[in-house]
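Undergrad: sequence unavailable; structure follows:
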């Protein structure tokens, strides 16, 4: 069974998003992580090659360090507004996780996040609105892209070059290669 990790501090939203992902993807288990501290602990427990390694992370941006407020955040984690970005950076520091797709699902717009300048080809974005559809479309797109890169490493190198030059996004390029 494939695993998706959902990093979302709002329990109501987490339950709704989890249910939608489970209906949308076949044979998937969704694990919910509620805050930055729990994400750090989860990541520390995740060993390279662990069968529990997710095929996808979906994360909000703004979340507390500790949703139960049992511990004070370290100085670097006091600004809750960018917790999801810090989680992404920690995740991407691990070589074994660099190609795992990550989607930010947030109320923030891409410009606010400076998304294009600060992320890699395995990172996507969907803005929270009244519909879950943007997230589900991004999930389909980024998983198809990751699958294409896994099957054709030369394609992945081409996409890295496109990103460096600031041309079209890898997802748009990948769409032209998929049936």
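TA: Noted; the coordinates are in hand. Everything quoted here is computed from the prediction, not taken from an experiment.
Undergrad: for this structure, where's the lowest mean pLDDT among helices and strands?
TA: helix 170-177 (a mean of 44; mean pLDDT, DSSP states H and E).
Undergrad: what's the burial count for the nearest residue to residue 28 once chain neighbours are set aside?
TA: Distances taken as Cβ to Cβ, 6 or more residues apart in numbering put residue 2 closest to residue 28, at 4.8 Å, once the chain neighbours are dropped. The C-beta positions use only the backbone N, C-alpha and C, and glycine is treated the same way. Applying other Cβ atoms under 10 Å, we find 13 other residues in the vicinity of residue 2.
Undergrad: ok, now which ones touch residue 2?
TA: 25, 27, 28, 29, 54, 55 (Cβ atoms under 8 Å, 6 or more residues apart in numbering).
Undergrad: and the third one, how many neighbours?
TA: Counted with other Cβ under 10 Å, residues neighbouring residue 28 total 16.
Undergrad: that one: what's it in contact with?
TA: 1, 2, 3, 4, 21, 22, 55.
Undergrad: do that again at 7 Å, thanks
TA: 1, 2, 4, 21, 22 (Cβ atoms under 7 Å, 6 or more residues apart in numbering).
Undergrad: what of the second one?
TA: With Cβ under 7 Å, 6+ apart as the criterion, the residues that contact residue 27 are 1, 2.
Undergrad: what are the phi and psi values at it?
TA: Note on residue 27: its backbone torsions stand at phi 50, psi 60 [degrees, to the nearest 10].
Undergrad: which residues does the residue positioned nearest the centre of the chain contact?
TA: Centroid-nearest residue in the chain, with Cα atoms, centre = their mean: residue 102, separated by 2.1 Å. Residues near residue 102 by Cβ under 7 Å, 6+ apart: 57, 59, 88, 91, 122, 123.
Undergrad: re earlier: tell me how far the residue nearest to residue 28 lies from residue 100.
TA: 12 Å (Cβ to Cβ, to the nearest Å).
Undergrad: and for residue 106?
TA: The value you get for residue 106 to residue 100, if Cβ to Cβ is used, is 19 Å.
Undergrad: now residue 9
TA: 21 Å.
Undergrad: and the two most separated of the contacts of residue 2?
TA: Spatially, the most separated pair among these is 27 and 54, at 13.7 Å (Cβ to Cβ).
Undergrad: how about residue 58, secondary structure?
TA: strand (DSSP: H, G, I helix; E, B strand; the rest coil).
Undergrad: what sits against it?
TA: 4, 6, 17, 103, 105, 135.
Undergrad: show me the residues you listed that map onto strands.
TA: 4, 6, 103, 105 (DSSP state E).
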